[in-house]
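Colleague: Build the 3D model from these lines:
(chains A and B)
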Amino acid sequence: MAKQTSVAYEYSLKSVTGSAARRVFRLGAARHFDAATVVMIAVSLVTAYLVLPPLYSVVQTSLFTTKLTGEIDQFTFRYYENLISELRVVGPFLNTLYFSVGSALLATLLGGAVAWIVTRTDAPLRALGYFTAFASFGTPFILYTIGWLLLLGKAGPVNTWLKVLLDQPGPVVNVYSLFGMIFIESLLWSPFVFLMLAAAFRSMDPSLEEASAACGARVWQTMRRVSLRLMLPAFFSVMLLIFIRSFESFEIPALVGLPGDIRVLTTSIYLDAQKLPPQYGSAGAFSVLLMFVVAATLYLYFRVTREGERFHTITGKGYRPAVIHLGRWRYLAGCGLFFYFLILLVLPFLIILWASLLPFYMQPSFEAIARFTWKNYLTALNFPKITDSIKNSIYLGLGSASAVMALTLFASWLLVRTKMRGRWLLDLLTTMPLLFPGIVMGLAILRFYLFVPIPVYGTLWILLIAFVTRYIPYGIRYTHSGLLQLHKELEEASYVAGASWLHSMRRIVLPLITPSFLGGWIFIFLLSAKELSMSVLLVSPQTPVVSVAIFELWENAQVGELAAFGVIWSVILVSIAVIYYVIARRYGVQQS
Amino acid sequence: MGNQGRIVLANPNCRRVAVSVIFFLLCAWCGFVPSLGAASVEDIALMNRPDRQKILLEGAKKEGKVSWYTTLIVDQVVRPVKDAFEKEYPFLQVEFFRGNAERLVQKMLAEYQAKRYDVDIIDGTVSPTMVRRAGYLQRYYSPMLAEYPAELKDAQGFWGTTNLYFFATGYNTRMVKPNEVPKTYEDLANPRWKGQMMWSTSRGSGAPIFIGTILNAMGMEAGKAYLQKLKAQNIAKTTASNRQVLDLTIAGEYPLALQIFNHHAYISKSAGAPVDWQPHEPVTATIQTIALAKSAAHPHAAMLFLDFAMSEKGQKVFQQSNYLPSHPKVPAKQVDLKPGGGRFKRAHYINPDAQYDKGNEWVDYFNNVFVK
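Modeller: Residues are numbered from 1 along each chain as shown, chains lettered A, B, ... in the order given. Next up, the predicted model:
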């Protein structure tokens, strides 16, 4: 019943706006062909310039052995053969699948539920959702993981309390397990899901849901048959990204899986990479293989969303979705938000704060409180060039977030609005940097700019170029799913009214996809503050950045010193994020 | 004008000047300029003559700085060494760049291929060897090298050493009773410790060099038999550094931390942590080597720096920073951290070349036996 309603509604929308508007659009498009074409060519060229050199490097790395000097040596299929023999071993392959599918599902469930409560219901504590997402994402990655390992470790507080509570002799929770890996990875990614889905939920067309409700569908039926279906692009985007990132991630499998003997496909690649001279062929081959998988997935996705109109929720009519009144359930939803806040932010942050105040790590106890000291903070503040590092990291975050979002807004527009042939290739191109092994990409950029006479080596610019390239995939997913929701009748109306293409981009498109745009911006800002694998190669003595400082501490310092530095940096990042949120919200409110 | 020229050349003195000018230009043209301060990096590095110090000082004054790519920890030892050196030679500035061995080498090699010679000095337990294999290291002579034993310097003069690292088993004193502490390698294979140990996978400071020491000290066959016994112990592995492994032991996660730096345990113990270290003979040791880049832009200053770092004076800076100086006459601040200090006698120094050449086998052995 509800399904029929929504389909009927879509068709009615199409027939009313479709044919007439298309004619007008063609006229408008012809008139504004020049500006649009120029921008689009520029966007494609910039993207190709950023993505193709590292892509070439990745493929080359996978097919050649390298000399110590980094020059390519001999052609070989060895890395692919190794990979295939690795794939034949069932254990690691299944673990990888469980890990990446599990993380994608759990993160989407967590982030999606919170996004729905925050954007669509009248539950209390809704602002907490945003704060939690920003703050937990601002915590350095390594530290966040360490926090959870300390919390859930054999001697950690959770196990100690559970032991007493359940009267068990040994540890109850084993964090060094597949479950532990999925749990931590999902927590790490749920802010991403939240930011993306919150944007999508906020831009929901209420009339479709209302139509469904008017036909007698219950809230759950409406959600399942109308709301969630309309969000398919957004859901697909987050799941795809998290799946890929987990599939190829080294960090959680190495820190959480390896001690518990949970091997995934990347484990042996990681351990092999220790050999000298350094060979990244296995990592290269792995990502080339992934590229094919992702290309296939994107192609399918593209076919599904080709009928873009189906996902339009922002039309000329009011698009602010109605708030769902939960009644008594609102308190439960509020509790859920608080629980999310507790798990995602408070617990790991508290244990990090705890570690930062101790001369050496001790499990929480009164005895430990007596030993509290500021020593770690003094060490952290004494870290060489700490103010320069912070300044540089913030500049880089601002620069890469703005550049990526601007670039991908145009690229997405190209993907969604034009009927250019083979545009899924552009989609693929913009998704590829996600698959490049960080170290290979870092080396590729390092070499490229050492040889190409563009004087960026040793400056912040080379880092900016690297970051922008790295984060294009995230930008594209945010803007793409945002634009898919935007009905083109709005732009067409703007053309009819005589606006130029650029003008209507600025006055119509940008304001309407503000939630996605701002969500993507802050996400990339926070992400770039953590970037490590390329930064360690590209920084110079004059351009230190925070993530490298944290890595240095991770490799060489005590937990407490690392924690103190992390606390300082998280507080700075979170303050920026909160200020940003307040400004962004005001801006968003004004626009509507 | 022609007249003047004839007069000039007629003068025998002038003729001599003219001839020498022509000779000089010829030499310059051939790229060979003797005794005019433009000596090659090689000449300066291998210089061994009475006025060496004077020449180095003069050259260094013109250079004004020295650039040091280091794997040492900045706030612990890089800054103290920089300060002490700049105090000794106030006209010189030390510029440093810190990174782990692999990144440091990748950066330097990429720069060299682009003919960008930013680095003068490079150090590390294996990084100088990697650079040497790529052909970008310069042999050098330093009068200080004579004071070091053969195992702590390169026979061909490619590297000297600044400090040493000794590995031991760290244990949580609240979880391991004094009489239980595993004293020997054999004790580690005691079933009592099954599932109770952790080590790092790091090539340069984790399980692989432990394996190297065992295979070297016990011989291939006995060594492999021992490692098989150890495999049954289910030692937990992590990619975290051995400092982090030790911290997990202090936190009570694992009673024993294998293959940790003995001075880390000492530092934590001094802060009151429930931890101590136990050496197993022969103790695995690695050496921090220090070397000169082939096309160093500041060779004079670089030589002064190398001399200083290996001199007794420079070694005292390492000592005061709680590092273990490699100079035989400079003991550790906490004496028993070095061999002969009372807690252990024999150390198995892993030569950087051996670490480079054999390291892959050890990594493979570790991956095949302990990971799969």
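
Colleague: Which of the helices or strands spans the residue in the stretch 401-550 of chain A that chain B sits nearest to?
Modeller: Using C-beta to the nearest C-beta, A:Leu450 is the residue of the stretch 401-550 of chain A that sits closest to chain B, at 3.7 Å. In this view, the C-beta of every residue, glycine as well, is placed from N, C-alpha and C. Remark: A:Leu450 resides in helix A:438-451, with elements defined by DSSP states H and E.

Colleague: For the residue of the stretch 401-550 of chain A closest to chain B, which residues are in contact?
Modeller: A:Tyr457, B:Ala110, B:Glu111, B:Gln113, B:Ala114, B:Arg116 (C-beta atoms under 8 Å, 6 or more residues apart in numbering or on different chains).

Colleague: where does the residue of the stretch 101-250 of chain A found nearest chain B land on pLDDT?
Modeller: Closest residue of the stretch 101-250 of chain A to chain B, C-beta to the nearest C-beta: A:Ala155 (3.6 Å). A:Ala155 carries a pLDDT score of 89 in this model.

Colleague: now swap in the one 3 residues further on and tell me
Modeller: The per-residue pLDDT reported for A:Val158 equals 92.

Colleague: need the contact list for it.
Modeller: A:Val158 neighbours (C-beta under 8 Å, 6+ apart): A:Leu151, A:Leu152, A:Val173.

Colleague: The first one is in contact with A:Pro348, isn't it?
Modeller: Yes. Counting by C-beta atoms under 8 Å, A:Leu151 touches A:Pro348, with 6.8 Å between them.

Colleague: who's more crowded, the two?
Modeller: A:Pro348 (23 against 20; other C-beta atoms under 10 Å in any protein chain shown).

Colleague: Quick check: closest non-adjacent residue to the residue positioned nearest the centre of chain A.
Modeller: The residue lying closest to the centre of chain A (C-alpha atoms, centre = their mean) is A:Phe192, at 4.9 Å. Distance criterion C-beta to C-beta, 6 or more residues apart in numbering or on different chains; nearest residue to A:Phe192, sequence neighbours excluded, is A:Phe523 at 6.1 Å.

Colleague: Flag every buried residue along the helix or strand where A:Phe302 lies.
Modeller: Assigned by DSSP H and E, A:Phe302 belongs to helix A:281-304. Neighbour-count burial for helix A:281-304, counted by 16 or more other C-beta atoms under 10 Å in any protein chain shown, picks out A:281-291, A:294-295, A:297-298, A:301.

Colleague: Let me know the closest of the residues you listed to A:Ala380.
Modeller: Of all these, A:Ala283 has the smallest distance to A:Ala380: 32.3 Å, by C-beta to C-beta.

Colleague: that older thread, what's the local residue count around the residue lying closest to the residue of the stretch 401-550 of chain A closest to chain B once chain neighbours are set aside?
Modeller: Spatially, and ignoring its direct neighbours in sequence, A:Leu450 is nearest to B:Ala114 (3.7 Å; C-beta to C-beta, 6+ apart). B:Ala114 has 15 neighbouring residues, counting by other C-beta under 10 Å.

Colleague: Per-residue confidence at B:Ala114, what does it come out as?
Modeller: Reported pLDDT for B:Ala114: 86.

Colleague: Roughly how far does A:Ile142 sit from B:Lys313?
Modeller: 38 Å (C-beta to C-beta, to the nearest Å).

Colleague: mind checking which helix or strand B:Gln315 is in?
Modeller: Going by DSSP H and E, B:Gln315 is in helix B:312-320.

Colleague: Please name every helix or strand in contact with that helix.
Modeller: Helix B:312-320 sits against helix B:79-88, strand B:160-172, strand B:324-325, with contacts defined as 3 or more C-beta pairs under 8 Å, 6 or more residues apart in numbering or on different chains; DSSP states H and E.

Colleague: sorry, back to before: give the buried residues for the helix holding A:Leu450.
Modeller: A:438-450.

Colleague: Quick one: distance of it to the chain centre.
Modeller: 23 Å (C-alpha atoms, centre = their mean, to the nearest Å).

Colleague: Could you point out the helix or strand that follows it?
Modeller: Using DSSP H and E, the helix or strand that follows helix A:438-451 in sequence is helix A:460-484.

Colleague: For the next helix-or-strand element following that next one, name the packing helices and strands.
Modeller: Toward the C-terminus, helix A:460-484 is succeeded by helix A:488-496 as the next helix or strand (DSSP H and E). Applying 3+ C-beta pairs under 8 Å, 6+ apart, one finds that helix A:488-496 contacts helix A:2-31, helix A:501-504.

Colleague: Out of those, name the one with the poorest average pLDDT.
Modeller: Taking the mean pLDDT of these, helix A:2-31 comes last: a mean of 43.

Colleague: Okay, domains of chain B per the record?
Modeller: B:41-164+B:287-325, B:166-286+B:340-371 (automatic domain parsing).

Colleague: With distance to A:Ile394 as new columns, can these be given to me in a markdown table?
Modeller: Formatted as a markdown table, the domains of chain B follow (distance: least, C-beta to C-beta, whole Å):
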| stretch | distance to A:Ile394 |
| --- | --- |
| domain B:41-164+B:287-325 | 22 |
| domain B:166-286+B:340-371 | 28 |
